[in-house]
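K.L.:
A structural model of the following input is requested.
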Amino acid sequence: MKQYLKYAIRVFAISTLFFFAISFLSILNNIGSQWHDLPTDLRIEIGFPFQFYYQFTLGPEKTFGGWNGNNFIYDYFITMIAVVGAIAVNDKLFSTKKVSE
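P.N.:
Predicted structure coming up:
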């Protein structure tokens, strides 16, 4: 039981870190693509592969934005599935346990 709890905590922690990193990189990509033009109407979209947050400006004083909670959950679960797969492959490839024949 203790082993499963350690595995669950490991998956949760790594998935959360990867999710935050991917979200941060989508912000950087979005802002960086607009940086060279310096538009008066800035648009920010966060989320990969599904956009879960958006913000845009109309003129210097009007800012609008919103969340899509379902896309946020979908993105997190996709990240969690990818991390579980990567951990499983990593454990199989680099396992130090010897298989008894």
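K.L.:
phi, psi for Q51 please.
P.N.:
phi -80, psi 120 (degrees, to the nearest 10).
K.L.:
thought it was touching N68?
P.N.:
Yes. Between Q51 and N68 there is a contact under CB atoms under 8 Å: 7.0 Å. Using the backbone N, CA and C atoms, a C-beta is placed for each residue, glycine as well.
K.L.:
give the buried residues for the helix or strand where A21 lies.
P.N.:
Using DSSP states H and E, A21 sits within helix 2-35. Neighbour counts over helix 2-35 (16 or more other CB atoms under 10 Å) mark V11, I14, S15, F18, F19, I22, S23, S26, N30 as buried.
K.L.:
gap between it and the chain center?
P.N.:
Chain-centre distance of helix 2-35: 4 Å, with CA atoms, centre = their mean, to the nearest Å.
K.L.:
against which helices or strands is it packed?
P.N.:
strand 43-46, helix 69-93 (3 or more CB pairs under 8 Å, 6 or more residues apart in numbering; DSSP states H and E).
K.L.:
which one of the ones you listed lies nearest to P60?
P.N.:
P60 lies closest to strand 43-46 among the helices and strands packed on helix 2-35, at 14.6 Å (CB to CB).
K.L.:
what's next to the closest one, contact-wise?
P.N.:
By CB atoms under 8 Å, 6 or more residues apart in numbering, the residues outside strand 43-46 that reach it are 23, 26-27, 30-31, 34, 51-57, 65.
K.L.:
swap the cut-off to 10 Å and go again
P.N.:
Strand 43-46 has contacts (CB atoms under 10 Å, 6 or more residues apart in numbering) with 22-24, 26-27, 29-31, 33-34, 51-57, 65, 67, 71-72, 75.
K.L.:
could you do stretch 6-18 as well?
P.N.:
76-84, 86-88, 91.
K.L.:
before we move on, the earlier item: need the buried residues of helix 2-35 in CSV with distance to S95 and pLDDT, can you?
P.N.:
Below are the buried residues of helix 2-35 laid out as CSV (distance: CB to CB, whole Å; pLDDT from 0 to 100):
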residue, distance to S95, pLDDT
V11, 17, 88
I14, 18, 92
S15, 21, 91
F18, 22, 92
F19, 26, 92
I22, 28, 90
S23, 32, 88
S26, 34, 83
N30, 40, 73
